[in-house]
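J.: Sequence and predicted structure below; questions after.
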2 protein chains.
Amino acid sequence: MTQLRVAILGATGAVGSELLQLMEQRDFPVASVRLLASPRSKGKTMRFRGQNLPVLAVSEHLFDSVDVAFFSAGAEAARTWAGVAQGAGAFVIDNSSAFRMDPKVPLIVPEINWHRARPDVRYYPVGNCTGILLAMTLAPLRRFGAIKRVVVSTYQSASGAGARAMKELEEQARAFARGEEPSAKVLPYLILFNLFSHNSPINEHGYNEEEWKVINEVRKVLENDDLPIEVTCVRVPVQRAHSLSVNVEFENPAPSVGAVREAVTAFPGLELVDDREGNRFPMPALAAGRDEVLVGRIRQDLSSKHAISLFACGDQLRKGAALNAIQIGEKLIESGYLVHRS
Amino acid sequence: MTQLRVAILGATGAVGSELLQLMEQRDFPVASVRLLASPRSKGKTMRFRGQNLPVLAVSEHLFDSVDVAFFSAGAEAARTWAGVAQGAGAFVIDNSSAFRMDPKVPLIVPEINWHRARPDVRYYPVGNCTGILLAMTLAPLRRFGAIKRVVVSTYQSASGAGARAMKELEEQARAFARGEEPSAKVLPYLILFNLFSHNSPINEHGYNEEEWKVINEVRKVLENDDLPIEVTCVRVPVQRAHSLSVNVEFENPAPSVGAVREAVTAFPGLELVDDREGNRFPMPALAAGRDEVLVGRIRQDLSSKHAISLFACGDQLRKGAALNAIQIGEKLIESGYLVHRS
């Protein structure tokens, strides 16, 4: 198998470190890995296959001879470096939102729309974490006919705001235990024992940026540009798994619970967790560190004969970000698009 | 003003202690207060107006000469003692679910349906906490015409499972800070940094008991027996305020955001918190310890021309329980139904 020269931009972040771990765990064919970050992370080291690798301050020549560069450094860094990396001959798989909605760029969740990949495309964005989890939840339901409307409320973990927000949540718990007043520095409000509307700017329609991304990206991934989606994004005091309470109205009468369970079970990347008797359903404590998106609490909605409700939970850093990125890389290799350039 | 001989059954619980505090803060006309609980709380004392009052093990004669008894001891205790207290001549205001759905019993949220109170009724249940908060959120929207369907996802605090669950959440934070594995004893799963589907039994339709209460009680309070309500109840690591993400579809086209804001502002017991620019919306950190239910994140739903979304947050122990009980008592006094019997 081809062995690749890999770069990770934003290596020290929450998604960056997850990328590195996943490459090790999944035996991603790494010949060498270059860890890149902003100058303030220079001098740090990170562990990979028993070695301490140095973190380098990103600069143009560091993309030389790179076959594939994984980006998780935000939209601004992506705008700066995606062209440079591609110019140096690398494929770019980018966790940022910079080019996701560009009509020329495919937005891929491999289980759903790998057919959108093309040999001439060398830049692949990874969707918004909540959007990926919602798309994964909706994808198997398409077999029941056209979806009329989706209403979603989210329970989003601190990891979605980065490693510093995760640390802040834990630090607030420690402050509480010491009997001190916990303070908020990274997130706008206290997150311990609290929750709040997603901390991104609100547009003229009253939706925040996260909700806007979810609506538009899910439509793009599901190739259904007019799909009516209503979503309310909320941050909760959870470390790294996002949950979604999802109501789906179909044009047809609602499918049976059994049929939905079958569809979920059959869909790659999903795991059915739906034990009514044991009161065991998807939750962060089960989803964290897992690759699968857990789906359950499936029921026919008694308020509408055309609707079902379900509850999904997935690791924001895995399927919501790093795992989806690695999967795109793996599929690019499998398809023969991404190879070691000599 | 009439001075009343009061009893509190379940005085040592989360709602019981809140009742006692509210009586002091609101100058409820208390001539004397008898604190009743199960035998295992006997010997405890509780503070009221500068005095330490003893907690007594509940028994029949302790309802003698009581004008009004507040119950917050669960459905079984209510079934045992409601008749006894009424037989002794007391009004009973009961936080349990025991008789809420009895067609002969009014289910009152004073701001919404006080007209259901009658001089001959001496037993008043207090609705489910989430149900009260949802009814309060929906009540002002009725001016915009018939509601077609409501879809709700909740974010429910530990207090809804009682004082021991609140302590468990805090104890888990302390265990985490000590570097220990937090353990779950009161709630079925870890609640710190986690969330899960409400821990009540699931019925044959796939709804848990909490969801079933919300659906049926909100219909009863709003006097709209067929109102289609879909609700998903979720427990989150928050101490004492419940949040609700609410989507409301009307028969008519959706009202404007301005009109909804006005309706919320004008409704007693609600407070509008809807600052898009400052990204400040209802959240537990603002609602805890407050009497008002906070409502905001109001927007026209772009997935349906007939729908709006909003987000509400209220103190589960206040408006969700003890405050609503005290308000019923205050209204009974004001109406001249509840008086000191000589």
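T.: Yes, it's here. Numbering: from 1, shown residues only, chains lettered A, B, ... in the order given.
J.: Residue A:189: helix or strand, and which one exactly?
T.: Secondary structure from DSSP states H and E places residue A:189 outside every helix and strand.
J.: And residue A:82, by the same measure?
T.: Judged by DSSP H and E, residue A:82 forms part of helix A:74-87.
J.: And the helix or strand following that helix, what does it pack against?
T.: On the C-terminal side of helix A:74-87, the nearest following helix or strand under DSSP H and E is strand A:91-94. For strand A:91-94, the elements it packs on are strand A:68-71, helix A:74-87, strand A:123-125, helix A:323-334, judged by 3 or more CB pairs under 8 Å, 6 or more residues apart in numbering or on different chains; DSSP states H and E. Bear in mind the C-beta positions are built from the backbone N, C-alpha and C, glycine included.
J.: Figure out which of these is closest to chain B.
T.: Of all the helices and strands packed on strand A:91-94, helix A:74-87 sits nearest to chain B, with 19.2 Å by CB to the nearest CB.
J.: For that closest one, which helices and strands make contact with it?
T.: Where contact means 3+ CB pairs under 8 Å, 6+ apart, helix A:74-87 is packed against strand A:4-9, strand A:68-71, strand A:91-94.
J.: From the chain's centroid, how far away is that helix?
T.: From the chain centre to the centre of helix A:74-87 is a distance of 19 Å (CA atoms, centre = their mean, to the nearest Å).
J.: for stretch A:161-179, same thing?
T.: With CA atoms, centre = their mean as the basis, the mean position of stretch A:161-179 lies at 22 Å from the chain mean.
J.: Next: stretch A:118-135.
T.: The chain centroid and the centroid of stretch A:118-135 are separated by 9 Å under CA atoms, centre = their mean.
J.: Same check on stretch A:252-266?
T.: 25 Å.
J.: Next up, phi/psi of residue A:253, please.
T.: Main-chain torsions, residue A:253, degrees, to the nearest 10: phi -60, psi 150.
J.: Based on its surroundings, how many neighbours for it?
T.: Around residue A:253 there are 13 other residues, counting by other CB atoms under 10 Å in any protein chain shown.
J.: ok, it - contacts?
T.: Remark: with contacts taken as CB atoms under 8 Å, 6 or more residues apart in numbering or on different chains, residue A:253 is in contact with A:305, A:306.
J.: before we move on, what about residue A:269?
T.: Counting by CB under 8 Å, 6+ apart, residue A:269 makes contact with A:111, A:136, A:291, A:292, A:293, A:319.
J.: if you set the cut-off to 10 Å instead, what comes out?
T.: A:109-112, A:132, A:136, A:139-140, A:291-293, A:314, A:319, A:323-324, A:327 (CB atoms under 10 Å, 6 or more residues apart in numbering or on different chains).
J.: Spatially, which two of the residues you listed are the most separated?
T.: For these, the maximum inter-member distance is 18.3 Å, found between A:140 and A:323 (CB to CB).
J.: Between those two, point out the one with more neighbours.
T.: A side-by-side neighbour count of residue A:140 and residue A:323, using other CB under 10 Å, places residue A:323 first with 25 against 21.
J.: Please tell me how far that one sits from residue A:105.
T.: Noted for residue A:323: a distance of 20 Å to residue A:105, by CB to CB, to the nearest Å.
J.: so residue A:231 sits right up against residue A:207, yeah?
T.: Yes - counting by CB atoms under 10 Å, residue A:231 does reach residue A:207; the two are 8.1 Å apart.
J.: Identify the contacts common to these two.
T.: In contact with both residue A:231 and residue A:207: A:198, A:213, A:214, A:215, B:309, using CB under 10 Å, 6+ apart.
J.: quick one: the host helix or strand of residue A:245 to chain centroid distance?
T.: Assigned by DSSP H and E, residue A:245 belongs to strand A:241-250. Offset of strand A:241-250 from its chain centre (CA atoms, centre = their mean): 16 Å.
J.: State the pLDDT value of the residue lying closest to residue A:163 once chain neighbours are set aside.
T.: Setting aside the residues directly before and after it, residue A:163 is nearest to residue A:14 in space (CB to CB, 6 or more residues apart in numbering or on different chains), at 4.0 Å. At residue A:14, the model reports a pLDDT of 94.
J.: Can you tell me the number of residues neighbouring the residue nearest to residue A:81 when sequence neighbours are not counted?
T.: The shortest distance from residue A:81 to any residue other than its chain neighbours is 6.1 Å, reached at residue A:9 (CB to CB, 6+ apart). As a burial measure, residue A:9 scores 30 neighbours (other CB under 10 Å).
J.: residues touching residue A:9, list them.
T.: Contacts of residue A:9 by CB under 10 Å, 6+ apart are A:16, A:34-38, A:58, A:62-63, A:69-74, A:77-78, A:80-82, A:85, A:92, A:94-96.
J.: make it 6 Å
T.: A:36, A:58, A:71, A:73 (CB atoms under 6 Å, 6 or more residues apart in numbering or on different chains).
J.: Check residue A:326 too.
T.: Going by CB under 6 Å, 6+ apart, the list of residues near residue A:326 reads residue A:22.
J.: and residue A:43, what pLDDT?
T.: We have a pLDDT of 89 for residue A:43.
J.: For burial, what's the neighbour tally of it?
T.: 10.
J.: thinking again about what came up before, how near is the residue nearest to residue A:81 to residue A:16?
T.: Distance from residue A:9 to residue A:16, by CB to CB: 8 Å.
J.: Same question for residue A:66.
T.: Counting by CB to CB, the separation of residue A:66 from residue A:16 is 15 Å.
J.: And for residue A:71?
T.: The gap separating residue A:71 from residue A:16 is 9 Å, by CB to CB.
J.: farthest residue from the center of chain A?
T.: residue A:179 (35.4 Å; CA atoms, centre = their mean).
J.: what kind of secondary structure is that residue in?
T.: Following DSSP: H, G, I helix; E, B strand; the rest coil, residue A:179 is assigned to coil.
J.: separation between it and residue B:170?
T.: 11 Å.
J.: Residue A:172 too?
T.: Taking CB to CB, one finds residue A:172 at 13 Å from residue B:170.
J.: and these two? which has more neighbours close in?
T.: Ranked by neighbour count (other CB under 10 Å), residue A:172 and residue B:170 place residue A:172 first, with 25 against 16.
J.: Need the per-residue pLDDT for that one.
T.: 98.
J.: And for residue A:134?
T.: Residue A:134 is given a pLDDT of 98.
J.: coming back round to it: how far off strand A:4-9 does the helix holding residue A:82 point, in degrees?
T.: 150 degrees (axes from the mean of the first three to the mean of the last three CA atoms, to 10 degrees).
J.: Give me the buried positions along helix A:74-87.
T.: Neighbour counts over helix A:74-87 (16 or more other CB atoms under 10 Å in any protein chain shown) mark A:74, A:77, A:78, A:81, A:82, A:84, A:85 as buried.
J.: residues contacting the fifth one?
T.: Yep, that's residue A:82 we're talking about. residue A:92.
J.: which SSE is residue A:289 in?
T.: Assigned by DSSP H and E, residue A:289 belongs to no helix or strand.
J.: Ignoring the adjacent residues along the chain, who's closest to it?
T.: Spatial nearest neighbour of residue A:289, chain neighbours left out: residue A:315 (6.3 Å); criterion: CB to CB, 6+ apart.
J.: From what I see, the one you found and residue A:239 are in contact.
T.: No - Residue A:315 is beyond contact range of residue A:239, at 9.9 Å (criterion: CB atoms under 6 Å).
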